[in-house]
Structure formats: C-alpha cells, structure tokens
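Asker: got a predicted structure here, sequence first:
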Amino acid sequence: MAKLCFKYGTMGSGKSIDLMRTAYNYEEKGYQVLVMKPKIDTKGNDCLDSRIGMQRLVDILIDDNTDIIKEIKSRFTSNLRCVFVDEAQLLSNDKIDELYLASKVLDIPIICYGIRTNFKMEGFTGSTRLLEIAENIEEIKTLCVCGNTARYAARKLNGKYTLDGPDIIIDGAQKDVSYVALCGDCYLQKVKKIDYKNY
C-alpha cells in the first residue's frame, strides 16, 4: 500500500529543488507525476519557484474547496507513479487528511514538502498534522550562518529580527520582510535575545 511521506526543512534547505529533481527522475523514466501546492502560496503564481531560479508548473492548486481525490482521478493514468505537494505547511488538517486518504484510495505515494515551524518556533497546522500521520518523515538539512544545522526560520523586518506580525507572509511578498535559517542556539541568542549560556 502506498504511503504519505513528509520531507521538511527550513527556508533555503532545497525542498522545492528536491521535489523538482525527484519528479524529473520519474519523468525521465517515462512515468507520470502530479505536482500540487496550496493556492495561498502566491510565490511563483501557478509554478514552483526555487531560490536558485528553477521553476516548474503546478498541476493542481489546492484551496479549501479542492476535492483532492477527484482532482487526482481527473488526471489519473496507468502511468501515474507519484504525487508531490510543495508548501504543505500551509494546508489545513482536513486537506492533509485528504492527502493521506488519497494515498490509500488511489494506491499512489504522496510526498509532501514543507516547513515544520513558523518564525516564532510554533508548528504550522499542515506540518503538525503531517508529523502526526505521515508514514515516512525525513529532514532536509541546511546550514546556519554559524555552520551548525539550521532547523528554524527567523523573520527579519527591515533587516532586524522580529517576533511580531502575522504567521504567514509569503516569501518575497513584502520587500521589507526576509527570512533567515538559523540553528537553535543562534535563534535563541539573535531572535529571542536569550543568553542561555549564562543561566
């Protein structure tokens, strides 16, 4: 039976690149894949958009009204081998549950990519649900500025770290907002201003 998988990593870890590379590997062998992402992710419009400039057209944009099983079935061929979902952290619990059900009903592996926590170190709804029900979970790692593994995304407003603002601001949507991947030590020191070594 096919599985629902979750690959997570912070900003800049190469999640979208990994998705596009893996999808290409299937297609190079002559197989069909489907690529989905939440409609709320306006970066790249109807394309996946990586930081190094790679793009790929999305087959299905998901919103609250999307019937995921119906959408996959409408594009289903005997050659379909995998469904990929980018920015899965932006999906609701219901949509994550639909993806899980789709993997079983259609017997198709579904691989979701997303960020585990927001800029406040709090779990995104979609990612939290995936951590609860995904059958395979894998971390995609990247480096912090200090050289350690970065697992957290910090938000900068006008070049300064901030813990204020809405949970979701799509990367690149505002010129004064940027994100930095940090390890836990750097996050505590730079963002939360906690000198934990002197506790």
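Answerer: The structure has been received and is ready for your questions.
Asker: quick check, central residue of the chain?
Answerer: Nearest to the mean C-alpha position of the chain, by C-alpha atoms, centre = their mean, lies G114 at 1.8 Å.
Asker: where's it relative to V145, distance?
Answerer: With distances taken as C-beta to C-beta, to the nearest Å, G114 is found 23 Å from V145. Where C-beta positions appear, they are placed from N, C-alpha and C, glycine not excepted.
Asker: same check, this time on N158
Answerer: For N158, the distance to V145 under the criterion C-beta to C-beta works out to 19 Å.
Asker: who has more neighbours out of the two?
Answerer: Between N158 and V145, counted using other C-beta atoms under 10 Å, the more crowded position is V145 (12 against 9).
Asker: hmm, that one is touching C186, no?
Answerer: Yes - the pair V145 / C186 is scored as a contact, 6.8 Å apart, by C-beta atoms under 8 Å.
Asker: how about I40, secondary structure?
Answerer: Classification of I40 into helix, strand or coil gives coil, according to DSSP: H, G, I helix; E, B strand; the rest coil.
Asker: can you show me the helices along the chain?
Answerer: Under the criterion DSSP state H, the chain carries helices at the ranges 15-28, 68-74, 93-105, 125-133, 184-186.
Asker: who wins for proximity to I62 among these?
Answerer: Of all the helices of the chain, helix 93-105 sits nearest to I62, with 6.0 Å by C-beta to C-beta.
Asker: now that closest one: average pLDDT?
Answerer: Per-residue pLDDT over helix 93-105 has a mean of 97.
Asker: swap in stretch 73-82?
Answerer: Summarised as a single mean, pLDDT over stretch 73-82 is 90.
Asker: renumber starting at 25 from here on
Answerer: Okay, using 25 as the starting number, the last item reads as stretch 97-106.
Asker: quick one: buried residues of it?
Answerer: Of the residues in stretch 97-106, those buried under the neighbour-count criterion (16 or more other C-beta atoms under 10 Å) are 104-106.
Asker: likewise stretch 131-149?
Answerer: In terms of neighbour count (16+ other C-beta under 10 Å), stretch 131-149 has its buried residues at 132-145, 148-149.
Asker: so which elements touch the lowest-mean-pLDDT helix or strand in the chain?
Answerer: The helix or strand of the chain with the lowest confidence, counting by mean pLDDT, DSSP states H and E, is strand 71-73 at a mean of 80. In terms of contacts (3 or more C-beta pairs under 8 Å, 6 or more residues apart in numbering; DSSP states H and E), strand 71-73 is packed against helix 39-52, strand 79-81.
Asker: V204: which of the ones you listed is closest?
Answerer: Closest approach to V204 among the helices and strands packed on strand 71-73 (C-beta to C-beta): helix 39-52, 16.2 Å.
Asker: okay then, goodbye and thanks.
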